[in-house]
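> Everything below, folded, please.
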Amino acid sequence: MGTALGFVLMWLVLKALPDCWRNPRPILLSGTLLQITAAATFATISFLTPRPWFLYILVLARLLLGLGGGCQVSLAWIQAARLTGQDRVLHNLRLFVAGCLGLGAGPLASSLATGIGELMSCGQNGMEYVLALVALIPWMQLCIYVPPIPAIDQMPGSTATPATSRAKAFVVCLCLAMLVFRNLSLAALEVGTAQLAQNKYGFESLAVGLLCAGIVFTSLPVQLLYERLRANKKFRISLHTMLWTGLVAGCLLIFQEFAVFYCASLVFFPMMALSSGLVMAKMQENAMPDGSILDRNTTTLLGLIMADFLGRGFGPVSARLSIASGGQKGFALMQVAYAALSLLLYWTSLVASREDASKDASAKDSGDSDAPVAETLPSRLSSEDNGDEDEEEEEEEDNSEEDKDHRDRC
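So this is what the prediction gives:
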């Protein structure tokens, strides 16, 4: 909830100050201070004697923690939307991978802190150590303010103005739907894998945390491999390839052997996560001009809120419901359905983009064909006018010569 409030707050700030994204330091620093204050509140209350009114303080601190992070994340996405071409694609991919690393590091840090607390015989299963670790994490953000932050308006393509068409608006809506399905599948995979590993395959809570972190951390090497292959023009991994790979990995989740199930999860998660970055870049590419209903700021806000609220909100619920109704098979079929729907939406967006490109090409060709006519017509008219003037001048000269001869004879 706090993260969504941060997204909305950043959107309102951009409406009032459209160029505030050019100087990100004040917004980033404000978000960091909010997170440090909220995390310190969490850690302080965990070591105090419990009071009934502490719950309200914790809820408020949690909202402030999400508010600061939401402003920072929203600003990063908006800055990426101002780029063009490969810069936009790579920055969106890196943002998604950074988010995945945070999602994986959270359960891992919580499991490690809980395990350490249990070994040291602390109360509440070591939750004091978990909250103390939470209080220290936001301080790591201060290291990014030491070097100067480059101005994004100096990067190429940051001032490009997008075009407007109904097909582009339709593609934006399809990309929003794809983002929701991807976040549904990612959140469901993390929760479903943890539940199946603990209840069906008998792993301990610490081992489950390590297994889930391993699934999420695979996004980093896959991201590095993607950038390496993209630099080499002979090999390229497209969005279409990622979607098909994710669909095949989703089908392998149905196998009852844990090794196959876990390996399929290791493939499924990074494919869906990295494809989300490509989908976000595609949505930003088809966004409307600034000030429109679906401009870059609004589409980024909708993408983040819908992906965070619908995807991460209902993903764990759908995972638990599918496992409760159909076990591992039901969970695998649900993930296949999410991947298949994403692939179908992608094909539809391709058709809409091709139709829009063909219309632009035909309009350009008609404009080019009309241009010579428009240019030659005035020249022809001017030449005809000049010809008429020349004929009139010749007639006047002939008449003047005849009058002169007549006077000489007289």
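> my guess is Leu83 contacts His91, does it?
Yes. Using C-beta atoms under 8 Å, Leu83 is in contact with His91, at 6.1 Å. Where C-beta positions appear, they are placed from N, C-alpha and C, glycine not excepted.
> so Leu301 touches Leu5, yeah?
No. Applying C-beta under 8 Å, one finds Leu301 not in contact with Leu5, separated by 11.8 Å.
> higher neighbour count, these two?
Leu301 (21 against 16; other C-beta atoms under 10 Å).
> From Ile293, how far out is the more buried one?
12 Å (C-beta to C-beta, to the nearest Å).
> Need the residue closest to the centroid of this structure.
Met280 (3.5 Å; C-alpha atoms, centre = their mean).
> For whichever strand or helix holds that residue, which helices and strands make contact with it?
Using DSSP states H and E, the element containing Met280 is helix 258-285. Judged by 3 or more C-beta pairs under 8 Å, 6 or more residues apart in numbering; DSSP states H and E, helix 258-285 is in contact with helix 54-81, helix 85-119, helix 166-195, helix 205-217, helix 219-231, helix 239-252, helix 296-306, helix 312-409.
> Adding mean pLDDT and distance to Gln284, write those out as a markdown table.
Output for the helices and strands packed on helix 258-285, formatted as a markdown table (pLDDT from 0 to 100; distance: least, C-beta to C-beta, whole Å):
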| stretch | mean pLDDT | distance to Gln284 |
| --- | --- | --- |
| helix 54-81 | 83 | 4 |
| helix 85-119 | 74 | 6 |
| helix 166-195 | 87 | 9 |
| helix 205-217 | 83 | 25 |
| helix 219-231 | 81 | 18 |
| helix 239-252 | 88 | 14 |
| helix 296-306 | 81 | 6 |
| helix 312-409 | 68 | 13 |
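> I'd like the ones you listed written out as JSON lines, with distance to Ala259 added.
Below are those laid out as JSON lines (distance: least, C-beta to C-beta, whole Å):
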{"stretch": "helix 54-81", "distance to Ala259": "35"}
{"stretch": "helix 85-119", "distance to Ala259": "20"}
{"stretch": "helix 166-195", "distance to Ala259": "13"}
{"stretch": "helix 205-217", "distance to Ala259": "12"}
{"stretch": "helix 219-231", "distance to Ala259": "20"}
{"stretch": "helix 239-252", "distance to Ala259": "11"}
{"stretch": "helix 296-306", "distance to Ala259": "35"}
{"stretch": "helix 312-409", "distance to Ala259": "14"}
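> Pull out the buried residues from stretch 200-216.
Neighbour counts using 16 or more other C-beta atoms under 10 Å place Tyr201, Phe203, Ser205, Val208, Gly209, Leu211, Cys212, Ala213, Ile215, Val216 of stretch 200-216 among the buried residues.
> how much space between the fourth one and Asn199?
For Val208, the distance to Asn199 under the criterion C-beta to C-beta works out to 10 Å.
> how about the CA coordinates for stretch 21-37, as PDB?
Extracted in PDB, the C-alpha atoms of stretch 21-37 (Å, rounded to 0.1, in the frame of the first residue of the first chain):
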ATOM      1  CA  TRP A  21      12.900  14.100 -13.100                       C
ATOM      2  CA  ARG A  22      16.000  15.900 -14.600                       C
ATOM      3  CA  ASN A  23      17.300  16.500 -11.000                       C
ATOM      4  CA  PRO A  24      16.700  13.200  -9.200                       C
ATOM      5  CA  ARG A  25      18.900  13.800  -6.100                       C
ATOM      6  CA  PRO A  26      16.400  15.500  -3.900                       C
ATOM      7  CA  ILE A  27      13.700  12.900  -4.500                       C
ATOM      8  CA  LEU A  28      16.000  10.000  -4.000                       C
ATOM      9  CA  LEU A  29      17.400  11.500  -0.800                       C
ATOM     10  CA  SER A  30      13.900  12.200   0.600                       C
ATOM     11  CA  GLY A  31      12.900   8.600  -0.100                       C
ATOM     12  CA  THR A  32      16.000   7.300   1.600                       C
ATOM     13  CA  LEU A  33      15.400   9.400   4.700                       C
ATOM     14  CA  LEU A  34      11.800   8.200   4.900                       C
ATOM     15  CA  GLN A  35      13.000   4.500   4.700                       C
ATOM     16  CA  ILE A  36      15.700   5.100   7.300                       C
ATOM     17  CA  THR A  37      13.300   6.700   9.700                       C
END
